[in-house]
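[1] Turn this into a structure:
(chains A and B)
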There are 2 protein chains.
Amino acid sequence: MKKDIDALMEKHQIDALLITGPAGHNPPMQYFTGNVHIGHGDLIKKRGEEPVLFCNPMEREEAARSGIEIKNLAEYRLSELMKEVDNDPAKATALRYKKMFSDISLTSGKLSIYGLQEAGQAYRIFNELKAILPDIEIIGEMGHSVLSQAMETKDEDEAKHLRHMGKVTTEIVGRVQKFIQSHKSKDGVVVKTDGTPLTIGDVKSKINLWAAELDVENPHGTIFAIGADSGVPHNGGNPTDKLELGKTIVFDIFLQQAGGGYHSDFTRTWCLGYAPEAEQKLYDDVRKVFDNIMEGLELNAPFAPMQALTCQMFEDLGHETIRQNPMITEGYVHSLGHGLGLRIHEAPGARDEKAFFKTGVAVTIEPGLYYPSKGMGSRIEDTVYVNQEGTIELLTDYPYDLVIPIEEA
Amino acid sequence: MKKDIDALMEKHQIDALLITGPAGHNPPMQYFTGNVHIGHGDLIKKRGEEPVLFCNPMEREEAARSGIEIKNLAEYRLSELMKEVDNDPAKATALRYKKMFSDISLTSGKLSIYGLQEAGQAYRIFNELKAILPDIEIIGEMGHSVLSQAMETKDEDEAKHLRHMGKVTTEIVGRVQKFIQSHKSKDGVVVKTDGTPLTIGDVKSKINLWAAELDVENPHGTIFAIGADSGVPHNGGNPTDKLELGKTIVFDIFLQQAGGGYHSDFTRTWCLGYAPEAEQKLYDDVRKVFDNIMEGLELNAPFAPMQALTCQMFEDLGHETIRQNPMITEGYVHSLGHGLGLRIHEAPGARDEKAFFKTGVAVTIEPGLYYPSKGMGSRIEDTVYVNQEGTIELLTDYPYDLVIPIEEA
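    Numbers count the residues shown, from 1 in each chain, chains lettered A, B, ... in the order given. You can find the predicted model right below:
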């Protein structure tokens, strides 16, 4: 959690964090600033001290809303620095960092760097900085970094955002279901009043409209995939496809608070009208595993054995799994779930041996089975949160029905 | 333009490009893949050859929609590679790149890297790669890079997206104006039928709703700032603020195609009901400069002298400018404009000595004056495109009226 950052810096022997980039859609920066509108900032947090945020004077008022101490980036006169380094923007940026660091008495120690940036620019700038600041060791943490470990567990403030996103998500899913059911079917296809087929594109338009209405974003799009497409986990679905009855629809929706905030993640599998035997069996197998895993969730349990158990259960039911063969594209082909917060995928991961259901963890549970060759797929996904009392909270409360009845025209 | 990439690689002596990250909201990747839904990919383009895209098999169908040759990233077995390097994810990722490069016969030369990535990860991974692939020189281009130079000029396909975004933007601005004018004023404030004030938050909600309806995103938010807030260029506006008559409203809207595509950028300054003398004078000064610059735009003209001319004109009108003092927060405090495309800010920039109005360039023209201490600000911004015939096309055609009449209740 946020309050653990100094302790994590101590544990990782990190003396300072540097976070660069915009506030929006840049999780490390937004983790500190909250949802403010700044296009570029450099936030520096020394261990045991409050962070400071260097930003452009045009954005000073937005930056101030973060409550963080603001410093004026324009005072460092990048255009003047450019002249000192033969107009090399990487060298000038490194020189600016050197001056900024000096002004806040950061002159030695281990500095861990974060924030979304163009890969080539990060590589150049921080190698230049290393060259001119030999007493500072630049650390590019990966995996269990200070920030990913802090962000892995959410405090009560963050939990409020996650709960809200769960509610918004199920509200929208409910509207989608009602919207589809407000139509009738004709010759095995859902149709509008004018007799033309309702399409996946129509459904997705509604989702985006309701998302805007409820002040959330849909930056990654929605998966609403039918038939063979539902058999490929990340196939988003073809907008011009009709809603045919009796085919599996994988409906996976992952919304984010406006401005790049917290996420939710949720999937249901639907068959409109009726479910043929094979589709029903596929769904039942997924449901069996899903229910079993959900019932077994408990505080401080390790995550990886649940992935193993999921594979075991699917194998016992006759399906091939990713632990038998990491290259498979039919059967159970992915992992059981992932943490989520300001990122849609973050720690803990279901295949991480160090991942536990600690207090503050928010994860998805999402077993699925995929048979594109048979024209079907099925996944069920909820988001759960281990709250401050150690209770497993379901953030996405919605019925699990496979069959969504559709009236015939 | 895209077709120039090989020539630009030749000019910059770059042998291959590596682009990493998702397709959505990652301009370098989307530049090649178009709007497809992939969470992570590595695209490699060797000079004189077609690109190849390494991606996860779960995302193979979405990736295939790009039309690019797909390779299976899972075949490189990251989890196996981890064991070879004591579970260091940066070393394992570097090792995977080495194997991927080897499979496409990329074993020496200059490799330029791109794509949004966590700064620390980019720094670590590519330094590790450098260590194990001494025959490849890793280049982190900044400023005038191969890709930024290619992306600076848009071809006819890209222009279609830009034109569409211009039309969507002015459509939404028209709806906002009509929406506000459908209300009446009472005691100097725009009110709803129940007598409560219409707020900036109400306006912004409508904007997001219409954006969703028209299949565009608003990832950076909208600036709709009134009074003193309009005097700070990047102040987004306070959602609970009332729409008071006779105050300057800076309405700056910068939408993006859904999934992270092309942008538009547009600003008008409005005074609801009436404009007091000082506000009218401020607006007239901006308008004079805006009209002068717009009339002077011509094919292949350099951009920087227009920034100088803008400063000169504002100084002649009695305003302080950023060329006199880069630290000012009152007067003309920013630059005249910027290129835009998959990024909201990209080349060419109005202060770049190498920037010209070449065929294919799309830029904003946006002079403004800011006096937060006097409770006002004003900016006018259009987006223009230098089309394949060398004509300057206005992409954001909308009236320039300062005063928006509001009926009294």
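[2] So is the lowest-mean-pLDDT helix or strand in chain A next to chain B?
    Least confident helix or strand, chain A: helix A:60-64 with a mean of 88, by mean pLDDT, DSSP states H and E. Yes: counting by C-beta under 8 Å from any C-beta of the partner chain, contacts between helix A:60-64 and chain B involve A:60-62. C-beta here means a position set from N, CA and C on the backbone, and glycine is covered the same way.
[3] Just put these in TSV and tack on distance to B:Glu141 and neighbour count.
    Compiled in TSV, these are given as follows (distance: C-beta to C-beta, whole Å; neighbours: other C-beta atoms under 10 Å in any protein chain shown):
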residue	distance to B:Glu141	neighbour count
A:Arg60	31	20
A:Glu61	34	23
A:Glu62	30	23
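[4] now, among those residues, which is nearest to chain B?
    The closest of those to chain B turns out to be A:Glu61 (C-beta to the nearest C-beta; 4.8 Å).
[5] close enough to count as contact, the closest one and B:Asn238?
    No: counting by C-beta atoms under 8 Å, A:Glu61 stays clear of B:Asn238, with 9.8 Å between them.
[6] overlap in contacts of those two?
    B:Asp229 (C-beta atoms under 8 Å, 6 or more residues apart in numbering or on different chains).
[7] need the residues of the stretch 101-250 of chain A near chain B, please.
    Going by C-beta under 8 Å from any C-beta, the residues of the stretch 101-250 of chain A near chain B are A:112-127, A:138-143, A:145, A:205, A:208-209, A:211-213, A:215, A:217, A:219-221, A:229, A:232-236.
[8] which SS class is the residue in the stretch 151-300 of chain A positioned nearest to chain B?
    Ranked by C-beta to the nearest C-beta, the top residue of the stretch 151-300 of chain A for proximity to chain B is A:Ala212, at 3.7 Å. Three-state call for A:Ala212 (DSSP: H, G, I helix; E, B strand; the rest coil): helix.
[9] Name the nearest residue to it, ignoring sequence neighbours.
    Spatial nearest neighbour of A:Ala212, chain neighbours left out: B:Ala212 (3.7 Å); criterion: C-beta to C-beta, 6 or more residues apart in numbering or on different chains.
[10] and the one you found, what is it in contact with?
    B:Ala212 sits next to A:205, A:208-209, A:211-213 when contact means C-beta under 8 Å, 6+ apart.
[11] now those as a markdown table including pLDDT and distance to A:Val289?
    Listed next are the contacts of B:Ala212 as a markdown table, based on pLDDT from 0 to 100; distance: C-beta to C-beta, whole Å:
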| residue | pLDDT | distance to A:Val289 |
| --- | --- | --- |
| A:Ser205 | 93 | 33 |
| A:Asn208 | 93 | 32 |
| A:Leu209 | 93 | 34 |
| A:Ala211 | 95 | 30 |
| A:Ala212 | 92 | 35 |
| A:Glu213 | 93 | 35 |
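[12] and which of those residues is nearest A:Leu395?
    Nearest to A:Leu395 among these is A:Ala211, at 17.1 Å by C-beta to C-beta.
[13] The closest one and A:Asn218 touch, don't they?
    Yes: with contact defined as C-beta under 8 Å, A:Ala211 counts as touching A:Asn218 (4.9 Å).
[14] between these two, what contacts are shared?
    With C-beta under 8 Å, 6+ apart, A:Ala211 and A:Asn218 have common neighbours A:Leu255.
[15] rewinding a little: between the contacts of B:Ala212, which is closest to A:Thr169?
    Nearest to A:Thr169, judged by C-beta to C-beta, of those is A:Ala211 at 9.4 Å.
[16] follow-up on the earlier one: could you single out the nearest of the contacts of B:Ala212 to A:Leu340?
    Among those, and counting by C-beta to C-beta, the member closest to A:Leu340 is A:Ala211, at 16.9 Å.
[17] got the contact list for the closest one?
    A:172, A:217-218, A:255, B:212.
[18] residue ranges for the helices of the stretch 51-200 of chain A, please.
    Taking DSSP state H, counting those that start in this stretch as the test, the helices found in the stretch 51-200 of chain A are A:60-64, A:78-84, A:89-103, A:119-132, A:146-152, A:156-181, A:200-213.
[19] wait, I meant the stretch 201-350 of chain A
    With DSSP H, counting those that start in this stretch as the criterion, the stretch 201-350 of chain A has helices at A:277-296, A:304-316.
[20] export the ones you listed to TSV and tack on mean pLDDT, distance to B:Asp187 and mean neighbour count?
    Converted to TSV, those look like this (pLDDT from 0 to 100; distance: least, C-beta to C-beta, whole Å; neighbours: other C-beta atoms under 10 Å in any protein chain shown):
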stretch	mean pLDDT	distance to B:Asp187	mean neighbour count
helix A:277-296	98	57	17
helix A:304-316	97	62	18
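[21] Tabulate those helices (a markdown table), appending distance to A:Ile344.
    Below are these laid out as a markdown table (distance: least, C-beta to C-beta, whole Å):
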| stretch | distance to A:Ile344 |
| --- | --- |
| helix A:277-296 | 20 |
| helix A:304-316 | 19 |
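[22] Please tabulate the ones you listed in JSON lines, including the columns distance to chain B.
    Converted to JSON lines, the helices of the stretch 201-350 of chain A look like this (distance: least, C-beta to the nearest C-beta, whole Å):
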{"stretch": "helix A:277-296", "distance to chain B": "16"}
{"stretch": "helix A:304-316", "distance to chain B": "12"}
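[23] So which bits of the stretch 251-400 of chain A are right by chain B?
    Counting by C-beta under 8 Å from any C-beta, the residues of the stretch 251-400 of chain A near chain B are A:258-260, A:326-327, A:329, A:333-334, A:345, A:351.
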